[in-house]
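Trainee: Task: produce atomic coordinates for the following.
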Amino acid sequence: MTATLKKSCLVVLAFGQFMVISAQGFVPLFNEYLAENLYVIHPAMVGVNLKNARINLGSRQQWFNVPNAPGTNLLTAEYKATKNVSLGLQLLKDHNGYHSKNSNYLTFGYRIYLNDAIWNTRRSFPTKNDNIKEFSFGISVGSINYSIDQSSFDARIPDPLLNANSSGTGYFTIDAGAAYVSTHLSVQLSAKNINITNSQGNNPAGDVNINPSKFKHYLASLQYEIYFNNGWNLEPSFLIQFLEKTEEASMDLNLKVYRLVKQGRIWLGVSFRQNFITIDTPSQTKIANQNYKHFTPVFGMNYDRYLFSYHYTSNLGTLNLGTSGLHYFSLGINLF
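Mentor: The predicted structure is shown next:
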């Protein structure tokens with residue numbers, strides 16, 4: 001086997017593995033939602049605690065000193081069109097070496113108020129003096145496109161598996177969910193990839209057959225706000241995820257501490273995640289101890305119309321991502 005053929009096979013195998021892992025759509029593998037942005041994982045949370053419009057930017061990076069290291073960039077935009085209707089946009093890009101994935105979603109949310117309290121302030125977070133009680137539904141329609149960057153490959157040697165840097169494929173997908181939000185208790189339920197449709201694209205390894213019924217991704221989360229009279233409050237929360245294709249479940253246990261300050265608030269928090277994975281072996285027994293675990297300290301602040309947050313994720317399990325952790329930065333602004 002020639003070196004060129006070996007390289008081609010490695011590219012095809014890597015692309016196929018990337019497709020299997022990524023075909024589930026945008027999986028919140030880490031803790032982006034803890035940057036006060038539950039909309040990034042729950043369609044029904046579009047427009048929550050919003051008066052007019054809001055934009056959030058986020059970037060996650062691993063191995064700063066390594067070229068083409070894994071990373072994610074995201075943008076979410078929310079607009080309150082009417083008292084009951086909110087619209088949202090999500091743009092996400094995952095990159096890892098030669099591979100990249102671009103995901104774009106449009107969201108429609110409808111909110112039902114259970115009392116007369118309607119959010120009418122530029123402040124994006126609740127206090128003990130608010131009386132929020134609302135129920136919301138959300139649906140997102142998105143496109144997910146995958147590609148391999150071949151620009152650095154040696155073009156002097158013809159190879160039928162390389163096609164002018166246009167190798168890739170894509171899908172259309174639908175996510176939906178519901179949420180209950182109040183001053184103290186909030187609950188969200190979402191199902192991602194309810195429907196997956198193959199869009200036009202080029203695939204160097206041939207068409208990838210996707211069974212839409214096997215790629216659903218279920219999420220359930222809960223937060224409870226505990227307010228004190230001295231400007232402090234606690235928020236314990238959890239997130240449960242289940243990936244149908246791999247039968248993989250995980251749980252996040254989170255705790256955030258907030259302190260009100262002039263024109264805003266600051267917060268510190270911690271998050272612990274454990275995946276519950278079982279692996280089938282040729283003897284049909286299952287190995288259940290291949291658990292991924294990570295620990296994430298969280299820092300953030302709201303000041304006037306602005307938001308800043310920083311996370312650092314460290315691996316704790318036997319499945320190691322490397323010696324360094326993952327950095328996540330988030331910036332947000334409430335418009336108008």
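
Trainee: Provide a list of residues in contact with the closest residue to Lys128 other than its chain neighbours.
Mentor: Ranked by C-beta to C-beta, 6 or more residues apart in numbering and with sequence neighbours excluded, the top spatial neighbour of Lys128 is Tyr227, at 3.7 Å. Where you see a C-beta, it was placed from the backbone N, CA and C, and this is true even at glycine. Residues near Tyr227 by C-beta atoms under 8 Å, 6 or more residues apart in numbering: Thr127, Lys128, His184, Asn233.

Trainee: Tyr227 and Asn52: what is the separation?
Mentor: Distance, Tyr227 to Asn52, using C-beta to C-beta, to the nearest Å: 26 Å.

Trainee: Can you flag the buried ones in the contacts of Tyr227?
Mentor: The neighbour count (16 or more other C-beta atoms under 10 Å) marks His184, Asn233 as buried among the contacts of Tyr227.

Trainee: Ile174 and Gly138 touch, don't they?
Mentor: No. With contact defined as C-beta atoms under 8 Å, Ile174 and Gly138 do not form a contacting pair (11.3 Å).

Trainee: quick one: which of these two has more around it?
Mentor: Neighbours per residue (other C-beta atoms under 10 Å) separate Ile174 from Gly138, with Gly138 holding more: 26 against 19.

Trainee: what about Arg265, neighbour count?
Mentor: 20.

Trainee: Quick check: Ala44 is in a helix.
Mentor: Yes. Ala44 forms part of a helix when assessed by DSSP: H, G, I helix; E, B strand; the rest coil.

Trainee: Okay, and the closest residue to Val85 other than its chain neighbours sits in which element?
Mentor: Excluding the flanking residues, the one nearest Val85 by C-beta to C-beta, 6+ apart is Tyr110, at 6.0 Å. Element membership for Tyr110 (DSSP states H and E) is strand 99-113.

Trainee: Tell me the strands beside that strand, with direction?
Mentor: Strand 99-113 sits in its sheet next to strand 85-96 (antiparallel), strand 133-148 (antiparallel), going by DSSP bridges.

Trainee: got the CA positions of the longest one in PDB?
Mentor: The one in question is strand 133-148. What follows is strand 133-148 as a C-alpha-only set of coordinates in PDB (Å, rounded to 0.1, in the frame of the first residue of the first chain):
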ATOM      1  CA  LYS A 133     -44.800  32.300  36.100                       C
ATOM      2  CA  GLU A 134     -44.800  31.300  32.400                       C
ATOM      3  CA  PHE A 135     -45.000  28.300  30.200                       C
ATOM      4  CA  SER A 136     -43.300  28.200  26.800                       C
ATOM      5  CA  PHE A 137     -42.900  26.000  23.700                       C
ATOM      6  CA  GLY A 138     -40.100  26.200  21.100                       C
ATOM      7  CA  ILE A 139     -39.200  24.600  17.800                       C
ATOM      8  CA  SER A 140     -35.900  25.000  15.900                       C
ATOM      9  CA  VAL A 141     -35.300  24.100  12.300                       C
ATOM     10  CA  GLY A 142     -31.700  23.800  11.400                       C
ATOM     11  CA  SER A 143     -29.100  22.700   8.900                       C
ATOM     12  CA  ILE A 144     -25.900  20.900   9.700                       C
ATOM     13  CA  ASN A 145     -23.000  20.700   7.300                       C
ATOM     14  CA  TYR A 146     -19.800  18.700   7.600                       C
ATOM     15  CA  SER A 147     -16.600  19.200   5.600                       C
ATOM     16  CA  ILE A 148     -12.900  18.200   5.300                       C
END
